[in-house]
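Trainee: Give the three-dimensional model of this entry:
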Amino acid sequence: MSKIQTVWVVGAGAVGSVLAGLLHKTGKAQVYLVGASPHWQKVSQKGLNFETQEQGREQLPVPTRAWEEIPQLGLTDLVLLTGKATDLPKVAEKLGPKLGQETAIFTVQNGLGVREQAGRLLKRPVEAGVAYFGARSVEPGQVTFYGPGRLVLSPSEASRALSDLLPSEDIRCEMVEDYRQAEWSKLAVNCLANPLAGLLNLTTKELTKPVLDPAKEALLAEVKAVAGAEGVELELTVAKFNARLKSRNIPSLRTDVNRGRPTEIDFLNGAIVDLAAKHGIPAPANQLITSLIKALSG
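Mentor: Numbers count the residues shown, from 1 in each chain. Down below sits the predicted model:
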């Protein structure tokens, strides 16, 4: 494919802001953060306050664009969808008319079936990435990156182009033939971390408390049973889950609850409940978690 000259990060949340900040720092392509939120407005006015544990804080002049400022996109453009899965219909309505036939587009969003939904809404093939890193925005204009991280991508020329643009010391990109396995592996992690942090207002590190292990075991057993019925074998255990939680990041679902925004629970535990019903598998733990999050955020 043609050399990528411009990256459009659509979704000015924590993950999108981290990716926009890292892409801006490499300088290998022009990057624009697209949105309209208070966070996006602050970045537009004063730049992105970007923090890492190693380098501390720095102010990055990340360029922004409002929706109406997006031009017609072409071969040298790459689009990263990094916002909430719940926003996909609205994003597709605004973005779809701007996409050229050969424009590369990725979804880097939590949840099961997001890639397929994005493809249906945009009426075109969509590449996908699974992000393994912590990102947190405590206040508008500021983001903290808990890295280094990993981005698992579906194999394609566009994936290789994106990998070349990102700093390998901060984000290690991997291309896997079995992307469905990668999607389910991340889903299993999210089905434990996001709702428990959301309900209990805990950081990821605090989720390792032994008192929570029975809840994690119940949720994970159902996720693995449903995954198996879908033809995916998951190797995740509660011990492995606990071992990977080293940062004090707050999962995005808790942030959504705190800010009164719709959560992605229907794409996480809610998706497990729906598939469990399809296969005749009991999923009371995931049903309970889904109901509690909906009651908390409703």
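Trainee: those strands in the stretch 101-250 of the chain, which residues are they?
Mentor: The residue ranges that make up the strands of the stretch 101-250 of the chain, judged by DSSP state E, counting those that start in this stretch, are 104-107, 127-136, 142-153, 171-175.
Trainee: Dump those strands into TSV; add mean pLDDT as well.
Mentor: Putting the strands of the stretch 101-250 of the chain into TSV (pLDDT from 0 to 100) gives the following:
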stretch	mean pLDDT
strand 104-107	94
strand 127-136	89
strand 142-153	90
strand 171-175	93
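Trainee: export those strands to CSV and tack on mean neighbour count and distance to residue 22?
Mentor: Glycine gets a C-beta too; all of them are placed from N, C-alpha and C. Formatted as CSV, the entries for these read as follows, by neighbours: other CB atoms under 10 Å; distance: least, CB to CB, whole Å:
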stretch, mean neighbour count, distance to residue 22
strand 104-107, 26, 15
strand 127-136, 22, 10
strand 142-153, 20, 8
strand 171-175, 18, 6
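Trainee: Kindly reformat those as TSV containing distance to residue 17.
Mentor: Output for these, formatted as TSV (distance: least, CB to CB, whole Å):
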stretch	distance to residue 17
strand 104-107	16
strand 127-136	7
strand 142-153	4
strand 171-175	14
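Trainee: By mean pLDDT, which helix or strand of this protein comes out lowest?
Mentor: helix 252-258 (a mean of 80; mean pLDDT, DSSP states H and E).
Trainee: what does the next helix or strand after that helix rub up against?
Mentor: Using DSSP states H and E, the helix or strand that directly follows helix 252-258 along the chain is helix 269-279. Residues from elsewhere that reach helix 269-279 (CB atoms under 8 Å, 6 or more residues apart in numbering): 111-113, 187, 191, 195, 219, 222-223, 225-226, 229-230, 282-283, 286-287, 289-290, 293.
Trainee: closest to residue 12 out of the strands of the stretch 101-250 of the chain?
Mentor: strand 142-153 (9.6 Å; CB to CB).
Trainee: Outside of the least confident helix or strand of the chain itself, list whatever touches it.
Mentor: Under the criterion CB under 8 Å, 6+ apart, residues 13-15, 84, 110, 136-137, 194-195, 197-198, 201-202, 262-265, 268, 293, 296-297 lie in contact with helix 252-258.
Trainee: Go again with 7 Å.
Mentor: Defining contact as CB atoms under 7 Å, 6 or more residues apart in numbering, one finds that helix 252-258 is touched by 14, 194-195, 197-198, 201, 262-265, 296-297.
Trainee: Contacts for the helix or strand harbouring residue 91 next, please.
Mentor: In the assignment (DSSP H and E), residue 91 maps to helix 88-95. Under the criterion CB under 7 Å, 6+ apart, residues 10, 67, 81, 83, 117-118, 121-122 lie in contact with helix 88-95.
Trainee: Which of those scores worst on pLDDT?
Mentor: In terms of pLDDT, residue 83 ranks lowest among the contacts of helix 88-95, with 88.
Trainee: That one is in contact with residue 13, isn't it?
Mentor: Yes: Residue 83 sits in contact with residue 13 when judged by CB atoms under 7 Å, with a separation of 5.9 Å.
Trainee: Report how many residues lie close to the closest residue to residue 215 other than its chain neighbours.
Mentor: Across the structure, with CB to CB, 6 or more residues apart in numbering as the measure, the residue nearest residue 215 apart from its sequence neighbours is residue 196 (6.7 Å). For residue 196, the neighbour count with other CB atoms under 10 Å is 22.
Trainee: one step back: and the contacts of helix 252-258, which two are the farthest apart?
Mentor: The span of the contacts of helix 252-258, defined through CB to CB, is set by 14 and 296 at 20.1 Å.
Trainee: where's residue 210 relative to residue 243, distance?
Mentor: Residue 210 sits 13 Å away from residue 243 when distances are taken as CB to CB, to the nearest Å.
Trainee: one step back: may I ask you to confirm that the residue nearest to residue 215 is in contact with residue 207?
Mentor: Yes: checked against CB under 7 Å, the pair residue 196 and residue 207 is within contact range at 5.8 Å.
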